[in-house]
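A.B. asks: I need the structure of the sequence given here:
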Amino acid sequence: MRFFRPTFAEINLTNLESNYLSVRSLLPKGTGILAMVKADAYGHGAVPIAQRLEGLHVDAFGVATVEEGVELREAGIRSKILVMGGLMGMGSPASWGMVRYGLTPVVHSASILEDLDREAEKAGKKVEIHLKVDTGMTRLGLLPNSVEALLSRLKDLRHLELAGVMTHLAAAEEEAYTSVQLERFSEVLAKVKNLVGVPIILHLSNSAAILRGLIKVDGFDKWWVRPGIALYGGSPFAGAEEKMTFRPVMHIKSMVSLIKVVPDGTKVGYSCTYETRRRTKVGVVPIGYADGYPLALSNKGIVLVGGIRLPVIGRVSMDMITVDLTDADAHVGDEVVLLGEQGDERITVDELALLAGTISYELLCRVSKRMPRVYVG
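C.D. replies: Numbers count the residues shown, from 1 in each chain. You can find the predicted model right below:
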């Protein structure tokens, strides 16, 4: 699509592929990959990301909502798509969407089984489900002591088939609580094995768990993992770089659209939060919080111009930021990199998140639809 503002997110599909293969190299032979593409693939564009990963023979995709799954199906994605959020309390309408578009619901309670079974019967289909067990995240999922009752109920429903069991680690980067969750999950799996047998697909490992080697529980062989942030070049915990080389998939770029030279003592931006302390070359860059560039980076952010790190001065506004260009040989039209690499310098999403007082996941997901995605590689 043609666009008329010089601000865009460049999505490097070669780097995505490299990250995917790096994750794959860490897995025991036979381990499947459920690639997380929820939230528009963490802001990268779910359809192009899924298309590239499907070409690499990913086993399945994970989305949060039925709508996200429908978007992938309508774009021609044929792989399994798990809807991690399940029916979200919507009952029959969400069940119809699951069945109509061939999505795999993650089941969090016994109360939704009848709706799913009824819609599957109407469509003349047998629908696979994955059961989520709450081992300590205390969000969605069935409590361990309720699993046997659900499985017993499932036996009476002819149009549903248990294909997988999963849990969600609350702090995979920490050993103590993760050990508690793994023990609880192992106990649940023993019950499942007695009641329904094997093989069914089991999964618990997010990016952090994969990098820590927490892939499976002893006694079971059919496992998937669920990488998310690692696919997109973000580190799930401090020190993860020792396990894997993360290649940033998203670069955010713009350009210097206007320059003015002002004397010392000049106020800059809303609320006059910055005052120049020397004769300053101020550059205006057309990106703001409406694009997802955080307000929290006011007077804190860093950009790259001419391969030099330069500070954001003044408040981030809705549509633009101001940058101190005094130390650079910068001109109108020069490229500005807000996330990514330029020359020998690099601004990572983890660095920006630290400056903004948030996490890399949020920064990537908040990149708005107003910012065009340009796909390379």
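
A.B. asks: separation between the nearest residue to Ala75 once chain neighbours are set aside and Ser18?
C.D. replies: Excluding the flanking residues, the one nearest Ala75 by Cβ to Cβ, 6 or more residues apart in numbering is Val47, at 4.4 Å. Every C-beta, even on glycine, is put in place using the N, C-alpha and C of the backbone. Distance, Val47 to Ser18, using Cβ to Cβ, to the nearest Å: 20 Å.

A.B. asks: same check, this time on Met90
C.D. replies: The value you get for Met90 to Ser18, if Cβ to Cβ is used, is 38 Å.

A.B. asks: so what's the residue sitting nearest the centre point of the chain up against?
C.D. replies: Computing the C-alpha centroid of the chain and ranking residues by Cα atoms, centre = their mean puts Tyr42 first, at 3.6 Å. By Cβ atoms under 8 Å, 6 or more residues apart in numbering, the residues touching Tyr42 are 36, 228-229, 232, 361, 364-365.

A.B. asks: Could you export these to JSON lines, including columns for distance to Ala176, secondary structure and pLDDT?
C.D. replies: JSON lines is the format used below for the contacts of Tyr42 (distance: Cβ to Cβ, whole Å; DSSP: H, G, I helix; E, B strand; the rest coil; pLDDT from 0 to 100):
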{"residue": "Met36", "distance to Ala176": "25", "secondary structure": "strand", "pLDDT": "98"}
{"residue": "Gly228", "distance to Ala176": "23", "secondary structure": "coil", "pLDDT": "97"}
{"residue": "Ile229", "distance to Ala176": "22", "secondary structure": "helix", "pLDDT": "96"}
{"residue": "Tyr232", "distance to Ala176": "28", "secondary structure": "helix", "pLDDT": "97"}
{"residue": "Tyr361", "distance to Ala176": "23", "secondary structure": "helix", "pLDDT": "95"}
{"residue": "Leu364", "distance to Ala176": "29", "secondary structure": "helix", "pLDDT": "97"}
{"residue": "Cys365", "distance to Ala176": "29", "secondary structure": "helix", "pLDDT": "96"}
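
A.B. asks: would CSV of those residues with neighbour count and distance to Leu162 be doable?
C.D. replies: Output for the contacts of Tyr42, formatted as CSV (neighbours: other Cβ atoms under 10 Å; distance: Cβ to Cβ, whole Å):
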residue, neighbour count, distance to Leu162
Met36, 23, 22
Gly228, 21, 24
Ile229, 24, 29
Tyr232, 28, 31
Tyr361, 18, 30
Leu364, 27, 33
Cys365, 16, 31
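
A.B. asks: Can you tell me which of those is nearest Lys191?
C.D. replies: Lowest distance from Lys191 to the contacts of Tyr42 (Cβ to Cβ) belongs to Met36, with 27.3 Å.

A.B. asks: which ones are touching the closest one?
C.D. replies: Each residue near Met36 by Cβ under 8 Å, 6+ apart is listed here: 42, 61-62, 226-228, 231.

A.B. asks: who does it bridge with?
C.D. replies: Gly62 (DSSP bridges).

A.B. asks: From the contact counts, what lies against the host helix or strand of His203?
C.D. replies: Assigning secondary structure by DSSP states H and E places His203 in strand 201-205. Contacts defined by 3 or more Cβ pairs under 8 Å, 6 or more residues apart in numbering; DSSP states H and E place strand 201-205 against strand 160-167, helix 175-196, strand 223-225.

A.B. asks: go again using 6 Å as the cut-off
C.D. replies: strand 160-167, strand 223-225 (3 or more Cβ pairs under 6 Å, 6 or more residues apart in numbering; DSSP states H and E).

A.B. asks: Nice, that's everything, thank you.
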